[in-house]
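S.K.: here's my sequence, what's the structure:
(one chain, ligands or ions: 1)
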Amino acid sequence: MTGATAVAAAVATAAATAAEAVLNPPALQSVPALITPVASPSLPPLGAIMIMTSSWLPSLWALLGYCLLALVLVELFVILAEPFQRWRLRHIPGPPALPLVGCIPQIMRLGGPEFFKTCYEKYGPVFRIALGRSNWAVVVADADLMRQLGFKLRDHVFVEPNLMRSPFLEIDLAGLFLARDDYWRLVRSAWQPAFSAASLSGYLPRMVDCADQMVDRLLLRASESGRAAAAATAAAGRVDIYKELGQMTLEVVGSTAYGVDLLASGSNGAAPDEVKKSAAPAAAAASSTADAGEQPAVKSNATANAAGGCGRELVKACGDFFRCGSAFHGSRYAQAAMLFPELRPLLSWMAHTLPDTPFRKLMKARTRLLDTCLGLIQEWEAKQQQQEQMQKPNANGHAAANCHAAANGHAAANGHAAVNGQAAANGHAAANGHAAVDGHAAANGHAAANGHAAANGHAAANGHAAANGHAAANGHAAANGHAAVNGHAAANGHAAANGHAAANGHAAANGHAAANGHAAANGHAAANGHAAANGLAVHAVAAAEPAPPQPPPPADDTSAGRAPAVDPGSFLGLILSARNKATGEALNDHQVASQVQTFILAGYETSTNALTFTVHNIARHPEVERRLLAEIDEVLGPDRTPTEADLARLPYTEAVYNEALRLYPPAYGTTRLVGSEPMLVGGYQVPPGTSLILSIYAAHHDPRVWPRAEEFIPERFLPSSPLYPEVCARVPNAHAPFGYGIRYCIGMKFAIQEAKVALARLYQRLRFELEPGQVPLATAAALTLAPRDGLWVRPVARHHHLLRGQQGNQA
Ligand code: HEM
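M.R.: Numbering: from 1, shown residues only. Prediction:
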């Protein structure tokens, strides 16, 4: 701990003690004890209280006076000590830092991203700033330097002042983003399988579904727009596409990570009755707790449906979390805490007792989110218990009858598949005796492997199942009912996966399933827990005799890519089964809730913002729109659902998204903490313990790296374009919207896949015209860079058969 930090910590403790003494003086604590003896019949209790009060009142005032004096002295001392921080970084150039407020006024005027960009132009790629009086940081804005730091340093810094108390404080610190050291390794490993290439393949159909629901809503608005044009009412048909995209990304998180519809109440906010009923108590509890400034316990009574029934409220909660959680755009108490960090305990108490509007909104949002997380956890646990019960193996550990559990690696009988060791139930069972995975029916008797459902005999994801002669993804064709995966042909109408031939020429049964490279022999059991009975395939962990636990994959990119698939909806299973290698301990309640919340927030906010900026830029650049539509039409036509192979054939779409992420990186900066040794950064010696801010935004706008840096030119990202060598081939990591090195964004591939699916589905059927006032788009840089007032557009259907009772525009 540095001298100044030690002083600040001591001061903070002193202030906390003083505040506690003021709020809860020792005399007050003993009041009940004093009242009791005087409750005699001769003296009325009120009189006794008055006597007691008058006796300890002067000492209370004296105590208050001492406390205030102590606070003033301590504050004075810290203000005088502040030059030490300044002095430590004196050799690094930087903007003038005013006494007490540092660079806060400039940041509030220009916004963080623009301020850093201006400083980069003036002071070079490494400069120092003061966030308030004593919070000094070094900003780095050079792509190459940031990449190096990303590999050298591992910990993030929590820059914003945090006024939270338990359980929110613990939850903030336990999430993957702020996790440190071994705990970070444990948590990152637990998350990783959810982002493997194979898992992403399994998410694809769900991402498509969520995008399709959004497109349907927008088509409806497009129809209204046409009717309104006839009736000359301008307002109809206008859409805040930022909200629509937010809804979609939240639905994607819900269905891929948790297997639930987080927006079950629908886009119009009208919850179905049964959802409303069960959500009501949880929602009421949430808002009453928030209003009262109380903290909910981590174990909540939120019901499962509360997780699924909060609709637009949840979208709003996610938005408010990011906007009101920023010190610059949020509560005055947070701003005061930036100026007087040692008063944080007192300011936190004041914010909870007399909240201002941003703080009240923030607490309401956080409570809503926490309730959603707890609802999801409870729902998962209940499902697990139910499935364990249903799954009890019978005497010989083999097949269970009548639709129920798979045991001992053997398939459930009677044509009912079991998945993940859980019986397929509640209408999730596959029809006709064939496999179902994670509750997703495989229809028409076709197999689904590795969590990828085959529906209507179609769809294969990631080279897994293929049914009825339809294509397997990853560019591996299946012909004549023969699935081919990874380029290995299957013979005789029998599926093979991962290049492993089915034994005896029989894959699972009837030419149907093969799972995970394990051939089913004689149409019966497959190895490694992949059971097939009577020709029925089931998924890996169906065995009652579990496979030996695998060591967690190391936390690096490549292993994430190779990791096996997890079924959509099973993120919580990964988190709950994470174990500390040394102690064997599982994560505690806060830590679990924190991962759930991190996935929701990270999955929602950044992707929503990025897609909104992309739509805005497409609408502003007709030439870009024309080329994008041409690519999408050529690859997909107006209707065809994109497969993984199709997504790989949309390079221009991806370039458009990349360029939007360059100009408007939603995570406009990230942080690193210098360790216990000083380090050289861009030629400057940076003292140990210094906070580093890596300004992604400044690097993305650097005219030394990006020719015509402020223009929207997607071609720079196309390897076939002459512009490509200018930057992308020359400066590694010049484009780094997902961060750097060891801590780079774990959701990167998830976000890119989701974006390509959403853009493909949107522009297959629609285009967007900007409403007046949308250029330039007002942005707000709170915790993320976001459109400040949404993005108002008018959706236009590209093909008139899509419009309901209306003439459409042919693009
Ligand atoms: C356009 C979308 C996204 C952008 C621009 C983005 C950007 C970032 C950035 C810049 C970081 C910090 C990296 C660093 O410090 O070097 C980060 C970290 C992280 N992101 Fe994303 N992200 C996006 C989507 C997602 C999604 C969809 C998820 C999860 C579902 C996610 C989860 C995370 C997590 C958990 C971390 C912390 C990783 C760690 O510290 O180990 N992100 N993201």
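
S.K.: would you say residue 767 is within a strand?
M.R.: Yes: secondary structure of residue 767 (DSSP: H, G, I helix; E, B strand; the rest coil): part of a strand.

S.K.: shaky segments in the stretch 551-700 of the chain?
M.R.: 551-563 (pLDDT under 70).

S.K.: who in it is up against the ligand?
M.R.: For the stretch 551-700 of the chain, the residues in contact with the ligand (CB under 6 Å from any ligand atom) are 598-599, 602-603, 606-607, 610, 666-667, 670. C-beta: built from backbone N, CA, C; applies to glycine.

S.K.: export these as a markdown table, with columns for secondary structure and distance to residue 778.
M.R.: As requested, these are arranged in a markdown table below (DSSP: H, G, I helix; E, B strand; the rest coil; distance: CB to CB, whole Å):
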| residue | secondary structure | distance to residue 778 |
| --- | --- | --- |
| 598 | helix | 28 |
| 599 | helix | 29 |
| 602 | helix | 24 |
| 603 | helix | 25 |
| 606 | helix | 19 |
| 607 | helix | 20 |
| 610 | helix | 17 |
| 666 | coil | 15 |
| 667 | coil | 19 |
| 670 | strand | 24 |
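
S.K.: ok, of the residues you listed, which one's closest to residue 208?
M.R.: Each of those was checked against residue 208 using CB to CB; the closest is residue 607, at 15.3 Å.

S.K.: my read: the closest one touches residue 756, true?
M.R.: No: using CB atoms under 8 Å, residue 607 makes no contact with residue 756, being 11.6 Å away.

S.K.: touching both of those two, which residues are there?
M.R.: By CB atoms under 8 Å, 6 or more residues apart in numbering, residue 607 and residue 756 have no common neighbours.

S.K.: comparing those two, which residue is more hemmed in?
M.R.: More neighbours surround residue 607 than the other of residue 607 and residue 756, with 25 against 21 (other CB atoms under 10 Å).

S.K.: give the contact list for that one.
M.R.: 245, 249, 252, 666, 751, 754-755.

S.K.: need these in a markdown table with neighbour count and secondary structure, can you?
M.R.: Below are those laid out as a markdown table (neighbours: other CB atoms under 10 Å; DSSP: H, G, I helix; E, B strand; the rest coil):
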| residue | neighbour count | secondary structure |
| --- | --- | --- |
| 245 | 26 | helix |
| 249 | 29 | helix |
| 252 | 28 | helix |
| 666 | 24 | coil |
| 751 | 24 | helix |
| 754 | 27 | helix |
| 755 | 25 | helix |
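
S.K.: and those residues, which two are the farthest apart?
M.R.: Within these, two members stand farthest from each other by CB to CB: 252 and 666, at 15.7 Å.

S.K.: isn't residue 158 up against residue 178?
M.R.: Yes: judged on CB under 8 Å, residue 158 makes contact with residue 178 at a distance of 5.9 Å.

S.K.: what sits in contact with each of the two?
M.R.: Residues touching both residue 158 and residue 178 (CB under 8 Å, 6+ apart): residue 172.

S.K.: the two: who's more crowded?
M.R.: A direct count of neighbours by other CB under 10 Å for residue 158 and residue 178 places residue 178 higher, at 17 against 14.

S.K.: mind listing what that one touches?
M.R.: Listed by CB under 8 Å, 6+ apart, the contact partners of residue 178 are 156, 158, 172.

S.K.: low-scoring stretches of the stretch 351-500 of the chain, by residue?
M.R.: Applying pLDDT under 70 to the stretch 351-500 of the chain flags residues 391-500.

S.K.: got the residues of this protein near the ligand?
M.R.: Of all the residues in the chain, those lying near the ligand are 150, 176-177, 188, 598-599, 602-603, 606-607, 610, 666-667, 670, 737-740, 743-747, 750-751, going by CB under 6 Å from any ligand atom.

S.K.: go with 5 Å
M.R.: Contact residues, the chain versus the ligand (CB under 5 Å from any ligand atom): 176-177, 602-603, 606-607, 610, 666-667, 670, 737-740, 743-747, 750-751.

S.K.: checking residue 564 next. Helix, strand or coil?
M.R.: coil.

S.K.: the nearest residue to residue 243 once chain neighbours are set aside pairs with what?
M.R.: Nearest non-adjacent residue to residue 243, counting by CB to CB, 6 or more residues apart in numbering: residue 790, 6.3 Å away. Residue 790 forms beta bridges with residue 788, as assigned by DSSP bridges.

S.K.: pull out the buried positions in the host helix or strand of residue 600.
M.R.: Assigned by DSSP states H and E, residue 600 belongs to helix 589-620. Within helix 589-620, the residues scored as buried using 16 or more other CB atoms under 10 Å are 589-619.

S.K.: OK, contacts around residue 171?
M.R.: By CB under 8 Å, 6+ apart, residue 171 lies in contact with 370, 590, 593-594, 597.

S.K.: find the nearest non-adjacent residue to it, please.
M.R.: With CB to CB, 6+ apart as the criterion, residue 171 has its nearest non-adjacent residue at 4.5 Å, and that residue is residue 594.

S.K.: what does residue 679 give?
M.R.: Nearest residue to residue 679, sequence neighbours excluded (CB to CB, 6+ apart): residue 686, at 5.5 Å.

S.K.: compute the number of surrounding residues for residue 388.
M.R.: Neighbour number of residue 388 under other CB under 10 Å is 12.

S.K.: quick check: it is in a helix.
M.R.: Yes: the assignment for residue 388 (three-state DSSP) places it in a helix.

S.K.: TSV for the contacts of residue 607, including distance to residue 763?
M.R.: Shown next, in TSV, are these (distance: CB to CB, whole Å):
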residue	distance to residue 763
245	13
249	17
252	18
666	21
751	18
754	15
755	12
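
S.K.: separation between residue 107 and residue 97?
M.R.: Per CB to CB, to the nearest Å, residue 107 is found 11 Å from residue 97.

S.K.: what do you get for residue 156?
M.R.: Using CB to CB, residue 156 is found at 23 Å from residue 97.

S.K.: do residue 703 as well
M.R.: 26 Å.

S.K.: quick revisit: so the residue nearest to residue 243 sits against residue 245, correct?
M.R.: No: here residue 790 does not reach residue 245: they are 10.0 Å apart, not a contact under CB under 8 Å.

S.K.: intersection of neighbour lists for the two?
M.R.: Residues within reach of residue 790 and of residue 245 at once, by CB under 8 Å, 6+ apart, are residue 612.

S.K.: all helices of the stretch 501-650 of the chain, in order?
M.R.: For the stretch 501-650 of the chain, the helices defined by DSSP state H, counting those that start in this stretch cover 557-562, 571-576, 589-620, 622-636, 644-648.

S.K.: export the fourth one as PDB, just CAs?
M.R.: Spelled out, it's helix 622-636. Extracted as PDB, the C-alpha positions of helix 622-636 are listed here (Å, rounded to 0.1, in the frame of the first residue of the first chain):
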ATOM      1  CA  PRO A 622     -26.400   4.700 -48.600                       C
ATOM      2  CA  GLU A 623     -23.400   3.200 -50.400                       C
ATOM      3  CA  VAL A 624     -22.700   1.000 -47.400                       C
ATOM      4  CA  GLU A 625     -26.300   0.000 -47.200                       C
ATOM      5  CA  ARG A 626     -26.400  -0.900 -50.800                       C
ATOM      6  CA  ARG A 627     -23.400  -3.100 -50.600                       C
ATOM      7  CA  LEU A 628     -24.600  -4.700 -47.300                       C
ATOM      8  CA  LEU A 629     -28.000  -5.500 -48.800                       C
ATOM      9  CA  ALA A 630     -26.400  -7.000 -51.900                       C
ATOM     10  CA  GLU A 631     -24.300  -9.300 -49.800                       C
ATOM     11  CA  ILE A 632     -27.100 -10.500 -47.600                       C
ATOM     12  CA  ASP A 633     -29.400 -11.000 -50.600                       C
ATOM     13  CA  GLU A 634     -26.800 -13.000 -52.400                       C
ATOM     14  CA  VAL A 635     -26.000 -15.200 -49.500                       C
ATOM     15  CA  LEU A 636     -29.400 -15.600 -47.900                       C
END
